[in-house]
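how would this look folded up:
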Amino acid sequence: MTRSVLFDTETTGLDPATGDRVLEVAALELINDLPTGQYFHALIDPERDIPEEVTRNSRVPLQRPCRQAEIRRHRPRPGRVFSATRG
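So this is what the prediction gives:
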């Protein structure tokens, strides 16, 4: 049995020195290359404006009030994080 976890991120850009931040983190567990149904997803408020080109490639809204509501809706619930071992 082979267990893998795939990760994906969305950012405001690629240069943290200029203020770019992570917006979204997602992970999907696979056993023998098949999804198990276990996943993690979180939207993160970057506390800065989100460039328009980023919003075209993601579902994160451009406006801050909408972004806050979207972040609250997608906060992961306790117990949804992967365990270190699987039975």
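
Could you use CA atoms for every contact and neighbour count after this?
Will do.

Run through the strands of this protein in chain order.
3-11, 22-31, 34-43 (DSSP state E).

Using JSON lines, lay out these together with distance to Thr55, mean neighbour count and mean pLDDT.
Formatted as JSON lines, the strands of the chain follow (distance: least, Cα to Cα, whole Å; neighbours: other Cα atoms under 10 Å; pLDDT from 0 to 100):
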{"stretch": "strand 3-11", "distance to Thr55": "10", "mean neighbour count": "14", "mean pLDDT": "90"}
{"stretch": "strand 22-31", "distance to Thr55": "10", "mean neighbour count": "17", "mean pLDDT": "87"}
{"stretch": "strand 34-43", "distance to Thr55": "13", "mean neighbour count": "15", "mean pLDDT": "87"}
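
On the strand side of things, show who the closest residue to His41 other than its chain neighbours bridges to.
Leaving aside its chain neighbours, His41 sits nearest to Ala26 (4.3 Å; criterion: Cα to Cα, 6 or more residues apart in numbering). Going by DSSP bridges, Ala26 is paired in beta bridges with Asp8, His41.

measure Ala26 to Thr18 for me?
Separation of Ala26 from Thr18 (Cα to Cα, to the nearest Å) stands at 24 Å.

Repeat that for Phe40.
Distance from Phe40 to Thr18, by Cα to Cα: 28 Å.

list the contacts for the residue nearest to His41?
7-9, 39-42 (Cα atoms under 8 Å, 6 or more residues apart in numbering).

one more time with 7 Å, if that's ok
Under the criterion of Cα atoms under 7 Å, 6 or more residues apart in numbering, the neighbours of Ala26 are 7-9, 40-42.

next one: Glu29
With the criterion set at Cα under 7 Å, 6+ apart, Glu29 makes contact with 4-6, 35-36, 38-39.

The same query, at a cut-off of 6 Å, please.
Residues in contact with Glu29 (Cα atoms under 6 Å, 6 or more residues apart in numbering) are 4-5, 35-36, 38.
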